[in-house]
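Any chance you could fold what I've pasted below:
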Amino acid sequence: MVINKLFIYQYNYFSKKLFNVYKVVLCKYNCCVLLQLFDFNIEVKPVLEVLVGKTVEQALIEVMEEEEINNLREQQRQFQELRNAELVEQQRLEEQDRRRRIEKVRMCSNTMS
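Residues are numbered from 1 along each chain as shown. As a prediction, the model looks like this:
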């Protein structure tokens, strides 16, 4: 009985290597027997580490983006408060100027008459 060993490989995109998915034994009658799926600690652990690492990295990026958005909103709120205060002051000064002009016109008309 002649037995050939055939190794089936799959490309691992995370570590850029080929790794053995399982071994198949082919006999002369074209039957195949699955010998071993894979060694979990050797072949799956690195993939899981990459997945967990990328997930944590993405979560940290999202948290930093949320903090940045909150900071921008706070700056915008402070800017709006300052702008509103300046507008109120501008309106007060314009009203004061308008009253002085009216008083000045009244005084000139009183002196002329």
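
Now do the strands in this protein.
3-12, 17-27, 32-36 (DSSP state E).

quick one: low-confidence ranges for this protein?
1-40, 113 (pLDDT under 70).

Break down this protein into its helices, ranges please.
Assigned by DSSP state H, the chain shows helices spanning 45-112.

Residue 47 and residue 61, how far apart?
Using CB to CB, to the nearest Å, one obtains 21 Å as the distance from residue 47 to residue 61. C-betas here are computed from N, CA, C, even on glycine.

Could you report the neighbour count for residue 50?
Using other CB atoms under 10 Å, residue 50 has 14 neighbouring residues.

ok, now residue 45?
By other CB under 10 Å, 11 other residues sit near residue 45.

ditto for residue 63
10.

same deal with residue 47?
14.

can you check residue 43 too?
So residue 43, with other CB under 10 Å, has 16 neighbours.

The one 5 residues further on now?
The number of residues packed near residue 48 is 11, by other CB under 10 Å.

again, but for residue 69
Residue 69 - counted by other CB under 10 Å - has 10 other residues nearby.

go on, the one 3 residues further on?
Residue crowding around residue 72 was assessed by other CB under 10 Å; the count is 10.

distance of it from residue 62?
Applying CB to CB, the value for residue 72 to residue 62 is 16 Å.

and if you look at residue 73?
For residue 73, the distance to residue 62 equals 16 Å [CB to CB].

same question, residue 87
Residue 87 sits 37 Å away from residue 62, going by CB to CB.

and if you look at residue 44?
Using CB to CB, one gets 27 Å for the distance from residue 44 to residue 62.

And for residue 106?
Applying CB to CB to residue 106 and residue 62 gives a distance of 65 Å.

Likewise for residue 89?
Relative to residue 62, residue 89 is positioned 41 Å away (criterion: CB to CB).

now do residue 47
23 Å.

Same question for residue 78.
Per CB to CB, residue 78 is found 25 Å from residue 62.

next one: residue 85
Distance, residue 85 to residue 62, using CB to CB: 35 Å.

What of residue 98?
Distance from residue 98 to residue 62, by CB to CB: 53 Å.

Check residue 52 too.
Distance of residue 52 to residue 62, given as CB to CB: 16 Å.
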